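Trainee: build me a model:
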Amino acid sequence: WRRGGVTPGEAHAFDKNSARGRLTSLLLHLLASDSFLNSLARLSPLAPPGLAPTRRRKEEEEEEEHEVLVEFLDAVVSDGAFVLQDALGRLADIRAMQADMEGKEWAGLPDGVKRDRTSLHGQLEGVAVHFLQLAKANLALLDLLFASPAIRASMCGGELGARFGGFLDLSVKHLCGHKSKTLHLHDPARYGFDPKELVTHLCRLIARASQYPEVTASLRVASAPAVYARLLRVAGTKLALDPDTQHHLNALLQPL
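Mentor: Prediction:
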C-alpha cells in the first residue's frame, strides 16, 4: 500500500472518490510488475502455455477464475467510463461559467450573485481536476492491462467487449465530436487538461482492440463518420503515435 502511494490511515481514506484514487494508484503500482500482470493473465483460459498454472485445473475452476477476471475488468471499464465522462462534463460546466463571466450581463449582477457564482466556479475546478486525474490514471491502467494478450482478449470479447467499445465510442465522440466545442477552456493546463494526451490514449486502445469484432461493432463508426474521420486526421497530423498504433488505426478508419 505504501509503495503504491496509498495511506489507508488517513481520515478520508474511505471517502468514495478518495478510495477510488488510492485503489487505482495501487493497481498502477502492482501492474507495473510483470509477475502481477502474469498472475492476472493466468485467470484467463487464453493464457499462453508459459503462464499456465502448474497444477491441472478442473473446468469448473477455470470458469470461476475467468469470471473473477472479467468482473475485475468490467469494474475497470465501468469506472473509467464514469470518471472520464464526469471530468469532461465538469470541464464543460467550467467553460460555460467562464463565458458567463465574460458576458455583458456579468458587470450588472449584484455582488452577492457574483460571489456565489465565483465560489461555485472554484468548487467545480477542484472537482474537475480530481476526476480528470482519476480518468488519466484509469486510461494508464487500461494501457498496462492491454500489455497482456490474454487479458486483452478477455476484456474485448463478449458482452464486456461491447461495453468497452461503447466506452471508447462515447469518449471519442466527446473529444472529437460537436461536444468538443464545450471544452475550449481558458488555460486548460490549469486543470491538467490536455486533449491530445487523452486522444492518444484512446487511439492506442482502439488500435489494439481493432481485431475484436465485439469492440469494433460498438464503436459505431458508420453512424458518426465525420467524428472518426476527424480522429484519424488528428492522429495523423497532431499526435506522435507509434507506427503500429497508426497502422491499425488506419486499417480500421481509412475506409471513411
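Trainee: in the protein, which spans are helices?
Mentor: 16-31, 34-41, 59-102, 111-146, 149-156, 158-176, 195-209, 213-219, 225-237, 243-253 (DSSP state H).
Trainee: what angle do the longest one and helix 195-209 make?
Mentor: Taking axes from the mean of the first three to the mean of the last three C-alpha atoms, to 10 degrees, one finds that helix 59-102 is oriented at 160 degrees with respect to helix 195-209.
Trainee: what's helix 59-102 packed up against?
Mentor: Judged by 3 or more C-beta pairs under 8 Å, 6 or more residues apart in numbering; DSSP states H and E, helix 59-102 is in contact with helix 111-146, helix 149-156, helix 158-176. (Each C-beta comes from the backbone N, C-alpha and C, glycine too.)
Trainee: now the first one
Mentor: The contact analysis (3+ C-beta pairs under 8 Å, 6+ apart) places helix 16-31 against helix 34-41, helix 111-146.
Trainee: give me the mean pLDDT for that helix.
Mentor: Averaging pLDDT along helix 16-31 yields 85.
Trainee: what's the most buried one of the helices of the chain?
Mentor: Burial of the helices of the chain is given as mean neighbour count (mean count of other C-beta atoms under 10 Å); helix 149-156 ranks first at a mean of 22.
Trainee: neighbouring contacts of that helix?
Mentor: 37, 40-41, 44, 46-48, 51, 66, 69-70, 73, 77, 145-146, 160-161, 164, 208-209, 212, 214-215 (C-beta atoms under 8 Å, 6 or more residues apart in numbering).
Trainee: cutoff 6 Å now
Mentor: 40-41, 44, 46-47, 69, 73, 145-146, 164, 209, 212, 215 (C-beta atoms under 6 Å, 6 or more residues apart in numbering).
Trainee: turn these into CSV, including distance to residue 82 and pLDDT.
Mentor: As requested, those are exported to CSV (distance: C-beta to C-beta, whole Å; pLDDT from 0 to 100):
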residue, distance to residue 82, pLDDT
40, 22, 90
41, 26, 91
44, 25, 87
46, 28, 77
47, 29, 76
69, 21, 91
73, 15, 94
145, 17, 95
146, 20, 94
164, 14, 96
209, 20, 95
212, 22, 95
215, 19, 95
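Trainee: residue 31: which of those is nearest?
Mentor: Within the contacts of helix 149-156, distances to residue 31 taken as C-beta to C-beta reach their minimum at residue 145, with 6.7 Å.
Trainee: any idea how far the closest one is from residue 94?
Mentor: To residue 94, residue 145 is 31 Å away according to C-beta to C-beta, to the nearest Å.
Trainee: please name the nearest non-neighbouring residue to residue 203.
Mentor: In this structure, residue 203 finds its nearest non-sequential neighbour in residue 235, 5.2 Å apart by C-beta to C-beta, 6 or more residues apart in numbering.
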